[in-house]
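Engineer: Fold the following.
(one chain, ligands or ions: 1)
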Amino acid sequence: MNCNTYPPNRNIDKLSPKFKEKVQRFLADNPEIFVTEASRSAHRQSCLLRTGASRIARSRHQDGMAIDIAFHGDELYPPVTVWDNSIGKKVVNPQWRKVANSAKDHGMNWGYDLWAHTGFIDATHFEDDGVPLLERSNEDMVEDIDVNNNDKNDEINDAKEVDISLLLTKFQHLEKLLKNTTEAYGRVMDDVRGITNTTE
Ligand SMILES: [Zn+2]
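Structural biologist: Okay, the predicted model is just below:
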């Protein structure tokens, strides 16, 4: 099983604007790499979760705050760790270390550093070192929504992914409105009957 139905979006223009600026500077400093995936729809994330390619229900790719990379040349993904004879143990491959250090300088965390201790190796992943979306201000979130609105596919996916709890809230609001209207109608009808009664 793969997620070809939901192909990766490589366009960094769909990233959150501030993160996109970081990525541009990061790529300029590391011409040996390129972006294989930038922002991600909820559909693709749940597919990746099902196939085991991702371990989290909500990825920072969905917030436009993460990228995946590969290397130009013969080896898209050089080994992350290599044997160092001088110290007699495995170390992070200098090719990756150089890129990871640069990412840190540009305000990004490396997937390998984030999750290697859990046994999940995600060396191709780099994400914003800022606070996660849920802890960010409304202003930042509005920015992300604007970014998503530029992408017709994302819009369609978003429409399919309408949050049930939001629908429920809207329904409860309508229900309350209907109740208030019915009560108001009842009061008006009481008045009308009152008027009718007095005129009769
Ligand atoms: Zn990633």
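Engineer: Can you give me the neighbour number for the residue in the chain that the ion sits nearest to?
Structural biologist: Distance from the ion to each residue of the chain (C-beta to the ion) is smallest for H125, at 3.4 Å. In this view, the C-beta of every residue, glycine as well, is placed from N, C-alpha and C. Neighbour count of H125, defined by other C-beta atoms under 10 Å: 22.
Engineer: Phi, psi for it please.
Structural biologist: Torsion angles at H125 (phi, psi; degrees, to the nearest 10) stand at phi -100, psi 130.
Engineer: Nearest residue to it in space, ignoring adjacent ones along the chain?
Structural biologist: Leaving out its chain neighbours, the residue that sits closest to H125 by C-beta to C-beta, 6 or more residues apart in numbering is G111, at 3.0 Å.
Engineer: From P17, how far out is that neighbour?
Structural biologist: Separation of G111 from P17 (C-beta to C-beta, to the nearest Å) stands at 22 Å.
Engineer: Compare the two (neighbour count), which wins?
Structural biologist: Of the pair G111 and P17, G111 is the one with more neighbours under other C-beta under 10 Å, namely 21 against 13.
Engineer: which residues of the protein fall in strands?
Structural biologist: Applying DSSP state E to the chain gives strands spanning 33-37, 66-71, 81-84, 89-92, 108-110, 125-128.
Engineer: So which of those is the most surrounded?
Structural biologist: Of all the strands of the chain, strand 125-128 carries the top mean neighbour count, a mean of 24, counting by mean count of other C-beta atoms under 10 Å.
Engineer: mind exporting that one as PDB, just the C-alpha atoms?
Structural biologist: What follows is strand 125-128 as a C-alpha-only set of coordinates in PDB (Å, rounded to 0.1, in the frame of the first residue of the first chain):
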ATOM      1  CA  HIS A 125      12.500  15.800   7.900                       C
ATOM      2  CA  PHE A 126      13.200  19.400   9.000                       C
ATOM      3  CA  GLU A 127      10.600  21.500  10.900                       C
ATOM      4  CA  ASP A 128      10.200  24.900  12.400                       C
END
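Engineer: Rounded mean pLDDT for that strand, please.
Structural biologist: Mean per-residue pLDDT for strand 125-128: 97.
Engineer: elements contacting it?
Structural biologist: helix 17-29, strand 66-71, strand 108-110, helix 111-115 (3 or more C-beta pairs under 8 Å, 6 or more residues apart in numbering; DSSP states H and E).
Engineer: Mind listing the residues bridging to N109?
Structural biologist: With beta bridges defined as DSSP bridges, N109 has these partners: E127.
Engineer: From I33, how far out is it?
Structural biologist: 16 Å.
Engineer: can you check K176 too?
Structural biologist: 54 Å.
Engineer: P8 is in contact with Q45, isn't it?
Structural biologist: No - contact status for P8 versus Q45: not in contact, 11.1 Å apart, counting by C-beta atoms under 8 Å.
Engineer: on that earlier part again, figure out which of the helices and strands packed on strand 125-128 is closest to S41.
Structural biologist: strand 66-71 (13.5 Å; C-beta to C-beta).
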